[in-house]
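# I need the structure of the sequence given here:
(one chain, ligands or ions: 1)
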Amino acid sequence: MEVRQVSVELGVPVGTQVLVCGASFAGLATAFWLAQLGYEVTVVEIARGLRRGGTPVDIEGDTIGILARMGLLDAVRAKVLPPRTMEFKSEDDGTIGVMAAQQDAKDERYEIHRDDLLDILFAAIEGSVGIMFGRSVRELANKSDSVAVTFDDGSRHDYALVFGCDGNRSRTRRLAFGDADFSYFMGGYFCLKVVPDTELLPPNVSQIFSSPGLMVMLNGYEDRTDLGFGFRSAAKIEYDHRDRAHQRAMIHRHFDSRGWKVPAMLRHLDADEHFYFDQINQVRMPTWSNGRVALVGDAGYCVSPLAGMGGSIALIGAAGLADALLRHGHDHEAAFGEYHLKLHPFVDDVQDRAATSGMAMMFPADDAELAERDRQLGEGDLKL
Ligand SMILES: Cc1cc2nc3c(=O)[nH]c(=O)nc-3n(C[C@H](O)[C@H](O)[C@H](O)COP(=O)(O)OP(=O)(O)OC[C@H]3O[C@@H](n4cnc5c(N)ncnc54)[C@H](O)[C@@H]3O)c2cc1C
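Residues are numbered from 1 along each chain as shown. Predicted coordinates for the structure are as follows:
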């Protein structure tokens, strides 16, 4: 009889190899937990290094406890950003309303730069996980006892489980679930650029200027500023996600005639190719796993930038998946089922709020919606 070594208490046969596709919050956190559970983990990331940039990540609610369980809360606290005030502006720079930073000591809530959290998670797995940068998966074949993976350089390897943590446009999702479109288009586009300039507004302040169908946003820090542009579009726009000139032209078409700080923001946007541009969408799937492949984070349940929770949901998802795997040993079907069952009500709730009040607050569609938002701001009823 074959005797298999198992890692202490966890029931994972020693040498069980698993693959994680994507090295951002979902991928790094999933890799962390899988290594803790005793799996031999490889991470494959299409970019040549960690993909940096973007707005800060909110750490609150369950995410605090999860980071504490990961032993990373002190590292996160050391990088926490000062509390931030949000000002809603008119085109002539008048202040329509202000939402002060939450200072309630009971309600622990942090903001941390996206890059700082990536570095903390990466440091936590370095050495215990294999990482392949600049590589991707070309094909996946779900078999009864493994997943046969063909990488983009033609090499092949079998893994016990594969985890798609490759974001909103996940290739793992397409390879494992086929060409069905799980993307729920929310009717808008969002562009974000980070600049080292601090001239546009004071540090630790965010400013938002909305007009029907349009939104511009500035986040000021001690050493940088985030510039955000958003516009509504009833129909999806065809564009190549590598075609920066076309993306920039779309932003100019919507914002060239606008006042406030927009002309200065557009000059920054034109300076180079380093910005984030994507449709505002969610990923809504009836299940997050197929056979031995499971999705984590945006790949399975993108909540959209309007939810302001993409990073924390990825961390919550990775921890939920690990808890389910721990409870069910290597019965991956039971574990993946429990992961979905426990997490999807929370995801549904966040997605519903982003699609309704999130859109109305950030992107009022017309004059009536804008007036209603400003009324709520004036009366202190608006909630983030
Ligand atoms: C550069 C960048 C900037 C962002 N800026 C913002 C922002 O300003 N506001 C906001 O709300 N959200 C932003 N996001 C999205 C945000 O990070 C996610 O919503 C959230 O953190 C969930 O993380 P995730 O790990 O599921 O997905 P993501 O953070 O999107 O990470 C997916 C990872 O998978 C990698 N990948 C993609 N395809 C493949 C493939 N075929 N093979 C292997 N790896 C692959 C990507 O390079 C990336 O590292 C940004 C994402 C990126 C990558």
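# Who are the contact partners of Ala354?
Each residue near Ala354 by CB atoms under 8 Å, 6 or more residues apart in numbering is listed here: Met186, Gln282, Val303, Ser304, Leu306, Ala307. Yep, even glycine has a C-beta here, placed from its N, CA and C like the rest.
# Tally up the residues packed near Ala26, please.
Ala26: 32 surrounding residues under other CB atoms under 10 Å.
# pretty sure it contacts Ala318?
Yes - between Ala26 and Ala318 there is a contact under CB atoms under 8 Å: 6.0 Å.
# Overlap of the contact sets of the two?
Cys165, Val296, Gly297.
# Adding neighbour count, distance to Arg373 and pLDDT, write the contacts of Ala354 out as TSV.
Below are those laid out as TSV (neighbours: other CB atoms under 10 Å; distance: CB to CB, whole Å; pLDDT from 0 to 100):
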residue	neighbour count	distance to Arg373	pLDDT
Met186	21	17	93
Gln282	23	21	97
Val303	28	21	95
Ser304	26	18	91
Leu306	26	14	85
Ala307	20	17	86
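# gap between the residue most central in space within the chain and Pro82?
With distances taken as CA atoms, centre = their mean, the residue of the chain nearest its centroid is Gly310 (3.6 Å). Distance of Gly310 to Pro82, given as CB to CB, to the nearest Å: 22 Å.
# so where do the helices sit in the chain?
25-37, 62-69, 73-77, 114-125, 171-177, 244-255, 262-271, 298-301, 310-328, 332-353, 359-362, 367-378 (DSSP state H).
# of those helices, which approaches Glu222 most closely?
Minimum separation from Glu222 across the helices of the chain (CB to CB) falls at helix 114-125, 13.5 Å.
# Can you pull out the residues in contact with the closest one?
Contacts for helix 114-125 (CB under 8 Å, 6+ apart): 23-25, 28-29, 31-32, 35, 41, 43, 50, 52-57, 59, 70-72, 75-76, 79, 131, 311.
# What about the ligand: which of the residues you listed touch it?
By CB under 6 Å from any ligand atom, the members of the contacts of helix 114-125 lying near the ligand are Ala23, Ser24, Phe25, Gly53, Gly54, Thr55, Gly311.
# tell me which of those is nearest to Asp278?
Distances from Asp278 to these, taken by CB to CB, are shortest for Gly54, at 10.7 Å.
# how many other residues sit next to whichever residue of the stretch 51-200 of the chain sits closest to the ligand?
Using CB to the nearest ligand atom, the single residue of the stretch 51-200 of the chain nearest to the ligand is Gly54, 2.4 Å away. Residues contacting Gly54 under the criterion other CB under 10 Å number 18.
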